[in-house]
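> take a look and give me a structure for this.
(chains A and B)
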2 protein chains.
Amino acid sequence: MARKRSLDDGPVLRAEILATASRLFYERGYDATSIRDLADTVGISSSTMYHHFANKQDILYAIIVPFMQDFDAAIVPMLRDGTRSPEDRLAQAARLHVEIADDRRPELLTGNPFRNALTPDQLRQTVALQQTYHDAVRDVIVEGCTSGAFATEDVELTTMAILDMLNGVREWFRKDGRLTRDELVARYQRMIARLLHP
Amino acid sequence: MARKRSLDDGPVLRAEILATASRLFYERGYDATSIRDLADTVGISSSTMYHHFANKQDILYAIIVPFMQDFDAAIVPMLRDGTRSPEDRLAQAARLHVEIADDRRPELLTGNPFRNALTPDQLRQTVALQQTYHDAVRDVIVEGCTSGAFATEDVELTTMAILDMLNGVREWFRKDGRLTRDELVARYQRMIARLLHP
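The predicted structure is shown next:
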């Protein structure tokens, strides 16, 4: 049997705790996973666990925030790159959105139970990260409407509809299904283009 | 203090258990709500509770299924009514979808934790109810494409995109926001029409 790891393992252990927690929260649900389950699965004592994280809520937060930061870092600067056309930027955002959500599915811990689990401060921070992405998409749509590349009745609702369409994909997309992910992305890009066509 | 209710209260008590469970699951999450919490909130003993439901899973299932049956009963016959145009039927489905989801928000217990909580048989039944609605929407789109009222590159993906757009609304729509629900519905109906315009 593997030795129990201790405090000395530092950042590697921290990363392993987060990866394991992410998987268990995804498979069993956040509320159904205890700190004890988590410690046992990683192979550490509860006290070593508490050295790294004060409580389960802090583990959840430590999973969500880097995911959201990476998501924003991958997409927002591209969306705000004025040297590319709004059409290109939105099509590229659709691709990255679907790909990142699919690749990092277990970290995508959204919905009511998780919102309820965070402190008000933690919730504010995660909402701000989502808002950063939302605003970048909305601003590209505004820019496209101004230049005549796009037309839409209601920029805000169109932004939400596009984000919800893209968020929905991870719930039902199967790698062994009728379409490859690339084919799916291309068709979603064309649906978004139809939605915005002047 | 109110008397503890007993078995004799029958169907009224059953309905009250479900309404309370629906609210507590929505507010605190399914896993975080115990049978004991539920019994205490309703004002009954755990043994009276177990007379009505064998376990928490059965309570969850007893909430989800009537909601889904009502949803299908309100929308599917209308979607399958060949005397109305596909455009009218799809616009009406968009309205009913947003309205029912908004009115009965606490019963809309979807997402991973709930899927994990059901037995395979229960899950099959709820998936079948979702599929009934999905198929009715898809068939209207096929019909509209055949008649020339609609055009779309991929019927299946367009169906999913529309359902995900409509499902997303309940997560962010606020009654005290910029738009009334009727205004929102009208704009969503026009976005869906754009998505399907020949």
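
> give me the mean pLDDT for stretch A:96-107.
Regarding stretch A:96-107, the rounded mean pLDDT is 87.

> what does chain A put close to chain B?
With CB under 8 Å from any CB of the partner chain as the criterion, chain A comes near chain B at residues A:26-32, A:111-113, A:116-117, A:153-154, A:156-158, A:160-161, A:163-165, A:167-169, A:171-172, A:178-179, A:184, A:187-188, A:190-191, A:194-195, A:197. (Each C-beta comes from the backbone N, C-alpha and C, glycine too.)

> just the buried ones out of the residues you listed, please.
A:26, A:28-32, A:111-113, A:117, A:154, A:157-158, A:160-161, A:163-165, A:167-169, A:179, A:184, A:187-188, A:190-191, A:194-195 (16 or more other CB atoms under 10 Å in any protein chain shown).

> extract the CA atoms of the helix or strand hosting A:I192 and return them as PDB.
Assigned by DSSP states H and E, A:I192 falls within helix A:181-196. The C-alpha trace of helix A:181-196 is given here as PDB (Å, rounded to 0.1, in the frame of the first residue of the first chain):
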ATOM      1  CA  ARG A 181     -16.600  18.200 -32.300                       C
ATOM      2  CA  ASP A 182     -15.200  20.200 -35.200                       C
ATOM      3  CA  GLU A 183     -18.300  19.500 -37.300                       C
ATOM      4  CA  LEU A 184     -20.500  20.600 -34.400                       C
ATOM      5  CA  VAL A 185     -18.500  23.700 -33.900                       C
ATOM      6  CA  ALA A 186     -18.700  24.700 -37.600                       C
ATOM      7  CA  ARG A 187     -22.500  24.300 -37.500                       C
ATOM      8  CA  TYR A 188     -22.900  26.300 -34.300                       C
ATOM      9  CA  GLN A 189     -20.700  29.000 -35.900                       C
ATOM     10  CA  ARG A 190     -23.100  29.100 -38.800                       C
ATOM     11  CA  MET A 191     -26.200  29.200 -36.600                       C
ATOM     12  CA  ILE A 192     -24.700  32.100 -34.700                       C
ATOM     13  CA  ALA A 193     -24.000  33.900 -38.000                       C
ATOM     14  CA  ARG A 194     -27.600  33.400 -39.000                       C
ATOM     15  CA  LEU A 195     -28.800  34.900 -35.700                       C
ATOM     16  CA  LEU A 196     -26.700  38.000 -36.300                       C
END
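
> angle of that helix against helix B:181-196?
120 degrees (axes from the mean of the first three to the mean of the last three CA atoms, to 10 degrees).
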